[in-house]
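Engineer: dropping a prediction and its sequence here:
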2 protein chains.
Amino acid sequence: MKKELIKIGICGYGNLGRGVELNIAQNPDMELAAVFTRRKPPGALKIQSDVPVVHVDDAADWRDKIDVMILCGGSAQDLPQQGPAFAKMFNTVDSFDTHAKIPDYLSAMDAAAKAGSHASVVSVGWDPGLFSLMRLFFGSVLPNGKTYSFWGEGVSQGHSDAIRKVNGVADAIQYTVPKAGALERIRKCTDPNSTPLELIPPNFTAREMHSRHCWVATKDGADEAQIERDIKQMADYFADYDTTVNFISQEKLREFHSKLYHGGKVIRVGKTKEMSDEVNRHALVFSLKLDSNPEFTSSVLLAYVRAVYRLAGRGEYGAKTVFDIPPVLLFPTGAEDAVKKLL
Amino acid sequence: MKKELIKIGICGYGNLGRGVELNIAQNPDMELAAVFTRRKPPGALKIQSDVPVVHVDDAADWRDKIDVMILCGGSAQDLPQQGPAFAKMFNTVDSFDTHAKIPDYLSAMDAAAKAGSHASVVSVGWDPGLFSLMRLFFGSVLPNGKTYSFWGEGVSQGHSDAIRKVNGVADAIQYTVPKAGALERIRKCTDPNSTPLELIPPNFTAREMHSRHCWVATKDGADEAQIERDIKQMADYFADYDTTVNFISQEKLREFHSKLYHGGKVIRVGKTKEMSDEVNRHALVFSLKLDSNPEFTSSVLLAYVRAVYRLAGRGEYGAKTVFDIPPVLLFPTGAEDAVKKLL
């Protein structure tokens, strides 16, 4: 008897969609069924796999042929509309990452998924995603302490996109770099030899935690000084950070700045109540080092495909976050095997 | 209206039980109701809190006055019998840590908890516990790779106890130390500058990953050479490791080797399928540095008390592991708040 595979649809074929397509092969319980695109005609989109490329408007025809649809569109333009529309038709996984808008998006997805008797998990990836889980675990098991999230060194696609919209910019990339001083100050708080002994590190400002480094290729005749000012003054993205702007040719940008590597750390430092008169401090650290952000993110999405598929199979409809998902649902071979091999 | 607090019972008042007692104060939604002991009369046990000390044989009288019982007894002698007996009467959390026997213990606890309409979570702490969770998350989100668990530098209470049973030993402590060579070889696998490029590190032997360092106080007239041989040849505990044995007076042992600090790392190194012809590697690392192992472990147990209390409130009876628990159940202020603050 052939094992039943989880049939996956990919909606949106950018870096993330391509990463999902490739990494399905790493999961022997999954297979790709179709890729969905807004391109007209859809056949103009060349993909790597031998599956149909379908126009998004025809997605409804695939309701019975897709177990889980992975929404690989952008959080700003695509997902707010596309997410709920697809959650009515399919079980879904997405990487919606506009932090401030997650509660509204979650609630729209929950209503749509319940209306369609489907399961969805939103905001999957590494942040939001694995980093969020670590913040929750760390804060819950060590309530008296502080949690710090550091991103980088690595390429922020959101910040790179923001620079590309500046007048006169042809292309750009932005590296986020954690500040060594903040990391060192946190490290010292768990080093019994440091003096003076600081038990819990301070609250850092945005500027104290990260710096931002931009590599920009300009359009012909652009005003570099103006571009630099426009970038450095951009609210939310750059104004609160030490930002450097470097100009470079389009060719050099492609040659030396094309890798979408990333990484980061979640750190919690805290205290427990002491049995003796000693002060007992604890540090929990989760760190990631990724050669390719979209490839790793797609690999995380696929683990949550398995969870959504299992939730839908049990009739647990509605939209959830990584916080709601019992970890064992991510594990390919079930609870008993997980206990035996990993507990 | 006064908020309903989770009423906790502590069964067993060793290091772990004392840690739980102290750390309840870090969790404003919990209160201690009673401590249970095998001591006769129970009043001979002096505790820090102003709550009753009750003999374990009278525990049944407390069924309606305890929401969650934390079983702080040992895995070898206490929990195999005490666990199921208590799971029939109470919701329970324990730190059962005899890895090979967890499946049988889980199944006995599940039957008892279901018979008594209670919820239990077994094998909570940092390993088994947080480390197990990391092994499961890491392996699920990066299926093509290898996971390594390192313990230390720190005090292994199990190994210290094993030495104390050797003929002629009065007291002892054992430090587990990860081998720098293994850690460095793993690190190099994600360093693009290392040559030759090794993509995934090898499987290490036990000896290649950790060394063991023993500090031993002997009884009068003991044969030190024999003690050293007995320790180094002990199967499972020392025979497969590079072990050093140092002899020291009981006074010096107490003075310089009384801190129960510990720590460790879970590391996964793996690859995703590449979009380009580059090899893309990723490293996920979780590390812990603990000034006091029993205080931190007790703090983890308390987070899972909250989860068990909530599961019981929903009527989800039976025994679970950390793999089964939706992470949000650990978080004091609920799912909506977690999404807003941590996702």
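Structural biologist: In hand now; what should we look at?

Engineer: tell me how far A:K88 lies from chain B.
Structural biologist: Shown here: A:K88 relative to chain B, a distance of 22 Å by CB to the nearest CB, to the nearest Å. The C-beta positions use only the backbone N, C-alpha and C, and glycine is treated the same way.

Engineer: pLDDT value on that residue, please?
Structural biologist: At A:K88, the pLDDT value in this model is 98.

Engineer: next, count neighbours for the residue lying closest to it once chain neighbours are set aside.
Structural biologist: In space, and not counting its chain neighbours, A:K88 is closest to A:G116: 3.9 Å by CB to CB, 6 or more residues apart in numbering or on different chains. Neighbour count for A:G116, taken as other CB atoms under 10 Å in any protein chain shown: 20.

Engineer: buried ones in stretch A:10-19?
Structural biologist: Within stretch A:10-19, the residues scored as buried using 16 or more other CB atoms under 10 Å in any protein chain shown are A:I10, A:C11, A:G12, A:Y13, A:N15, A:L16, A:G17, A:R18, A:G19.

Engineer: just give me the closest of those to chain B.
Structural biologist: Nearest to chain B among these: A:R18, at 5.6 Å, using CB to the nearest CB.

Engineer: wait, isn't the residue nearest to A:K88 in contact with A:F86?
Structural biologist: No: counting by CB atoms under 8 Å, A:G116 does not reach A:F86; the two are 9.2 Å apart.

Engineer: for chain A, what's the longest helix?
Structural biologist: Taking DSSP state H as the criterion, chain A has its longest helix at helix A:293-313.

Engineer: does that helix reach chain B?
Structural biologist: Yes: using CB under 8 Å from any CB of the partner chain, helix A:293-313 reaches chain B at A:P294, A:E295, A:F296, A:S298, A:S299, A:V300, A:A303, A:R306.

Engineer: I'd like the next helix or strand past that helix.
Structural biologist: strand A:318-320 (DSSP states H and E).

Engineer: and the stretch 1-150 of chain A, which residues reach chain B?
Structural biologist: A:15, A:18-19, A:22-23, A:25-27, A:99, A:102-103, A:106, A:123, A:128, A:130, A:132-133, A:135-137, A:139-144.

Engineer: inside helices: which ones of the residues you listed?
Structural biologist: Residues of the residues of the stretch 1-150 of chain A next to chain B located in helices (DSSP H): A:15, A:18-19, A:22-23, A:102-103, A:106, A:130, A:132-133, A:135-137, A:139-141.

Engineer: how about the strands of the stretch 151-300 of chain A, start to end?
Structural biologist: A:154-155, A:169-178, A:210-218, A:242-247, A:262-271, A:281-290 (DSSP state E, counting those that start in this stretch).

Engineer: so what strands line up beside the shortest one?
Structural biologist: Sheet pairing for strand A:154-155, assigned by DSSP bridges, gives strand A:169-178 (antiparallel).

Engineer: would you put the C-alpha positions of the partner strand in CSV?
Structural biologist: Coordinates of each C-alpha in strand A:169-178 appear next as CSV, following Å, rounded to 0.1, in the frame of the first residue of the first chain:
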residue,chain,number,x,y,z
VAL,A,169,17.8,54.3,-6.0
ALA,A,170,18.2,51.5,-8.7
ASP,A,171,18.9,48.6,-6.3
ALA,A,172,20.0,48.2,-2.7
ILE,A,173,20.7,45.8,0.1
GLN,A,174,20.7,46.3,3.9
TYR,A,175,22.7,44.4,6.5
THR,A,176,21.5,44.4,10.1
VAL,A,177,24.3,44.0,12.6
PRO,A,178,23.9,43.5,16.4
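
Engineer: wait, what's in contact with A:N280?
Structural biologist: Residues near A:N280 by CB atoms under 8 Å, 6 or more residues apart in numbering or on different chains: A:K271, A:T272, A:E274, B:L290, B:D291, B:S292, B:E295, B:F296.

Engineer: can you give me phi and psi for it?
Structural biologist: The phi/psi pair for A:N280 (degrees, to the nearest 10) reads phi -110, psi 110.

Engineer: shaky segments in chain A?
Structural biologist: A:1-2, A:192-199, A:275-277 (pLDDT under 70).

Engineer: centroid-nearest residue for it?
Structural biologist: In chain A, the C-alpha nearest the mean C-alpha coordinate belongs to A:G125, at 3.5 Å (CA atoms, centre = their mean).

Engineer: contacting residues around it?
Structural biologist: A:G125 touches A:S95, A:D97, A:T297, A:V300, A:L301, counting by CB under 8 Å, 6+ apart.

Engineer: and these as CSV, adding neighbour count and distance to A:A60?
Structural biologist: CSV is the format used below for the contacts of A:G125 (neighbours: other CB atoms under 10 Å in any protein chain shown; distance: CB to CB, whole Å):
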residue, neighbour count, distance to A:A60
A:S95, 25, 23
A:D97, 23, 27
A:T297, 29, 27
A:V300, 23, 28
A:L301, 27, 23
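
Engineer: tally of neighbours for the nearest residue to A:Y105 once chain neighbours are set aside?
Structural biologist: Nearest residue to A:Y105 in three dimensions, chain neighbours excluded: A:F96, at 5.3 Å (CB to CB, 6+ apart). For A:F96, the neighbour count with other CB under 10 Å is 25.

Engineer: likewise for the one 4 residues further on?
Structural biologist: A:A100 is flanked by 7 other residues according to other CB under 10 Å.

Engineer: coming back round to it: from the residues of helix A:293-313 next to chain B, which is closest to B:R187?
Structural biologist: Ranked by distance to B:R187 (CB to CB), the residues of helix A:293-313 next to chain B are led by A:F296 at 18.2 Å.

Engineer: residues in contact with that closest one?
Structural biologist: Contacts were defined as CB under 8 Å, 6+ apart; by that measure A:F296 touches A:G19, A:W126, A:L288, A:L290, B:V141, B:L142, B:T272, B:N280, B:H282.

Engineer: among the residues you listed, which two are most distant?
Structural biologist: Across the contacts of A:F296 (CB to CB), the longest gap, 15.6 Å, separates A:G19 and A:L288.

Engineer: isn't A:S95 up against A:D127?
Structural biologist: No: if you go by CB under 8 Å, A:S95 and A:D127 don't touch, sitting 10.1 Å apart.

Engineer: ok, the residue in the stretch 101-250 of chain A that chain B sits nearest to - contacts?
Structural biologist: Relative to chain B, the nearest point of the stretch 101-250 of chain A is A:S140 (3.8 Å; CB to the nearest CB). A:S140 is in contact with B:A303, B:R306, B:P327, B:L330, B:F331, B:P332, counting by CB under 8 Å, 6+ apart.

Engineer: quick one on the thing from earlier: reformat the strands of the stretch 151-300 of chain A as CSV; add mean neighbour count.
Structural biologist: Listed next are the strands of the stretch 151-300 of chain A as CSV, based on neighbours: other CB atoms under 10 Å in any protein chain shown:
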stretch, mean neighbour count
strand A:154-155, 20
strand A:169-178, 21
strand A:210-218, 21
strand A:242-247, 17
strand A:262-271, 23
strand A:281-290, 23
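
Engineer: of all those strands, which lies closest to B:D337?
Structural biologist: Closest approach to B:D337 among the strands of the stretch 151-300 of chain A (CB to CB): strand A:262-271, 17.7 Å.

Engineer: quick check: angle from the closest one to strand B:281-290?
Structural biologist: Put simply, strand A:262-271 runs at 10 degrees to strand B:281-290, going by axes from the mean of the first three to the mean of the last three CA atoms, to 10 degrees.

Engineer: chain center to strand A:262-271, what's the gap?
Structural biologist: Strand A:262-271 sits 17 Å away from the centroid of its parent chain (CA atoms, centre = their mean, to the nearest Å).
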